[in-house]
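A.B. asks: Got a predicted model here, sequence first, then my questions.
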Amino acid sequence: MRHQLVLVTLRMFPLIGLFSASSLFAQPPEDSPPSIIESPPPVSETVPSPEQHDRQHNFELLPPVREDAITMLHALRDAVRLAPRRAENRLKLAQGLYQIGDFDAALDECRAALLLEPDNAGAHLQLGILLSAKQDWRTAASALKDAIRLNPDLAHTHYTLGSVLYALGHVKGAVQSYRRTLELQPDFPDARYRLALLLKLSNHEQEATELMEDAARDGVLPAQFFLGNAYKGGQGVEKNLSLAVFWWAQASALNYQPATDALAKLRRQALSLNVPERKRKEALDAFQTYRLTIWKDAPGDHRSDDETLGTRLLKENRTDDAVAALIAETYALSDVAQDALSKLYETGWEPHLARYDQSILACLETVASDGFPSAKYTVARIYAKGLGVTPDRPKAKTLLKHLPNQEAAALLREWSLH
């Protein structure tokens with residue numbers, strides 16, 4: 001994981017949210033839609049549902065509960081007990097209850113706060129988010145509209161209302177809410193992404209693609225994935241498979257599974273003998289162009305044919321960056337990078353990299369399973385000799401089944417002697 005995160009820093013990006021839209025900027029049906037979280041959940045597979053909060057979100061979806069969260073909850077209850085008529089205390093308690101997943105109790109505290117301060121816009125916003133989480137769309141919309149009436153300049157209220165309105169089937173109203181969000185907070189990539197999806201639904205292809213690209217550049221992982229799909233299919237942009245690889249790689253580097261799956265599918269296309277030569281070449285050329293794009297970050301003006309960004313960085317003892325680049329280049333089917341990566345797996349690079357690094361092995365096994373011949377050989381050797389793994393001769397034999405039987409048997413005998 002550490003190496004994957006370093007790779008992302010070679011180009012970009014921070015992690016920000018998504019909502020499901022499997023039919024938009026999407027690949028063929030066999031591709032899985034992205035997962036979804038946050039308020040409100042979808043009412044169908046194509047209904048967008050926010051996954052993460054924006055920077056303004058004062059009522060956050062948080063990681064699984066820790067002991068300190070429960071301890072804090074006790075303190076919040078004590079504060080309410082000592083000052084039961086302070087709306088601020090009840091809102092903080094509502095947030096703490098939401099954090100541990102007790103939505104009903106959080107709703108009770110929100111409503112109690114609103115009895116004390118009916119004109120508290122933030123309380124109406126919190127109530128709207130809670131109701132959204134419970135899929136009570138109409139009541140949520142009413143609460144959010146009350147928040148906007150009391151304070152029309154809360155960007156996150158418009159943002160949440162956009163999701164709720166779409167869940168209710170009001171596409172035009174949702175578009176207006178997201179546009180208003182961006183008027184209030186132009187630097188809001190999640191809102192750009194969601195607006196792009198709705199504009200795609202409304203057949204505003206060009207504006208949708210422009211917004212999607214903005215969101216992708218700002219690090220919204222599903223936007224990067226969908227933009228890759230757009231370039232693959234020529235949807236709102238000129239078809240460009242190498243740019244599809246580029247954007248999928250950005251999302252895949254942070255473990256966004258749909259992008260990882262898209263790259264694996266393209267690798268199999270490039271490596272399969274059952275695919276028409278034209279399509280194989282198209283895929284291979286896309287990966288090669290992507291590798292050249294990565295190389296642009298390298299220091300110096302020249303490189304030799306047997307050098308990649310990763311091998312250059314390795315020569316400069318920039319081990320973390322080198323491993324990250326080599327992994328990216330191996331995923332992009334570079335034999336040179338795969339060879340360097342396999343050597344690093346066996347030898348390590350002290351004191352920065354221990355032998356048998358698991359992120360390296362995961363990369364080698366992935367591309368081997370996709371059909372990359374040099375990686376098949378490497379992984380077969382690893383399992384035949386038990387290099388950082390439990391020896392598994394049948395697995396090694398399976399990986400060599402693309403070779404003539406006599407050649408595969410000779411390799412297995414050779415490895416068993418060492």
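C.D. replies: Received the coordinates, thanks. Numbers count the residues shown, from 1 in each chain.

A.B. asks: What count of nearby residues applies to the residue nearest to D370 when sequence neighbours are not counted?
C.D. replies: Leaving out its chain neighbours, the residue that sits closest to D370 by CB to CB, 6 or more residues apart in numbering is R267, at 4.2 Å. All C-beta atoms are positioned from the backbone trio N, CA, C, and that covers glycine. Per other CB atoms under 10 Å, the neighbour tally for R267 reads 23.

A.B. asks: again, but for A324
C.D. replies: By other CB under 10 Å, 25 other residues sit near A324.

A.B. asks: any idea which element it lies in?
C.D. replies: A324 belongs to helix 319-331 when assigned by DSSP states H and E.

A.B. asks: how far is the helix or strand harbouring S142 from where the chain is centred?
C.D. replies: Under the criterion of DSSP H and E, S142 resides in helix 137-150. Counting by CA atoms, centre = their mean, to the nearest Å, helix 137-150 is centred 31 Å from the centre of its parent chain.

A.B. asks: Tell me the buried residues in that helix?
C.D. replies: For helix 137-150, the neighbour count (16 or more other CB atoms under 10 Å) marks 137, 140-148, 150 as buried.

A.B. asks: hmm, back to that, hang on, the residue nearest to D370 packs against A368?
C.D. replies: No. Contact criterion CB atoms under 8 Å: R267 and A368 do not qualify, at 10.6 Å.

A.B. asks: quick revisit: just send the buried residues of helix 137-150 back as a markdown table, with distance to E213 too.
C.D. replies: What follows is the buried residues of helix 137-150, written out as a markdown table (distance: CB to CB, whole Å):
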| residue | distance to E213 |
| --- | --- |
| W137 | 30 |
| A140 | 31 |
| A141 | 30 |
| S142 | 35 |
| A143 | 34 |
| L144 | 29 |
| K145 | 32 |
| D146 | 35 |
| A147 | 31 |
| I148 | 29 |
| L150 | 35 |
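
A.B. asks: Looking at those residues, which is nearest A354?
C.D. replies: Nearest to A354 among the buried residues of helix 137-150, counting by CB to CB, is A140 at 50.7 Å.

A.B. asks: Please tell me how far the closest one sits from L91.
C.D. replies: Taking CB to CB, to the nearest Å as the measure, A140 falls 17 Å from L91.

A.B. asks: got it, and G162?
C.D. replies: According to CB to CB, G162 stands 23 Å off from L91.

A.B. asks: ok so, going back, check which helices and strands the helix holding A324 sits against.
C.D. replies: Helix 319-331 sits against helix 2-9, helix 241-252, helix 277-295, helix 309-315, helix 335-347, helix 358-369, with contacts defined as 3 or more CB pairs under 8 Å, 6 or more residues apart in numbering; DSSP states H and E.

A.B. asks: Would you tell me which one of these is buried the most?
C.D. replies: Neighbour counts (mean count of other CB atoms under 10 Å) averaged over each of those peak at helix 241-252, with a mean of 24.

A.B. asks: That helix relative to helix 277-295, how many degrees between them?
C.D. replies: Per axes from the mean of the first three to the mean of the last three CA atoms, to 10 degrees, the angle that helix 241-252 makes with helix 277-295 is 60 degrees.

A.B. asks: What lies in contact with helix 241-252?
C.D. replies: If you take CB atoms under 8 Å, 6 or more residues apart in numbering as the criterion, helix 241-252 is touched by 8, 11-13, 216, 221-222, 224-225, 227-232, 258-260, 262-263, 266, 282-283, 285-287, 289-290, 293, 328, 331-332.

A.B. asks: Could you look up the next helix or strand downstream of that helix?
C.D. replies: Sequence-wise, the next helix or strand downstream of helix 241-252 (DSSP H and E) is helix 257-271.

A.B. asks: Rounded mean pLDDT for that next one, please.
C.D. replies: Averaging pLDDT along helix 257-271 gives 96.

A.B. asks: Disregarding residues adjacent in the polypeptide, which is nearest to the residue nearest the centre of the chain?
C.D. replies: Most central in the chain under CA atoms, centre = their mean is Y256, positioned 3.3 Å from the mean C-alpha point. Distances taken as CB to CB, 6+ apart place L221 nearest to Y256, at 4.3 Å, with adjacent residues excluded.
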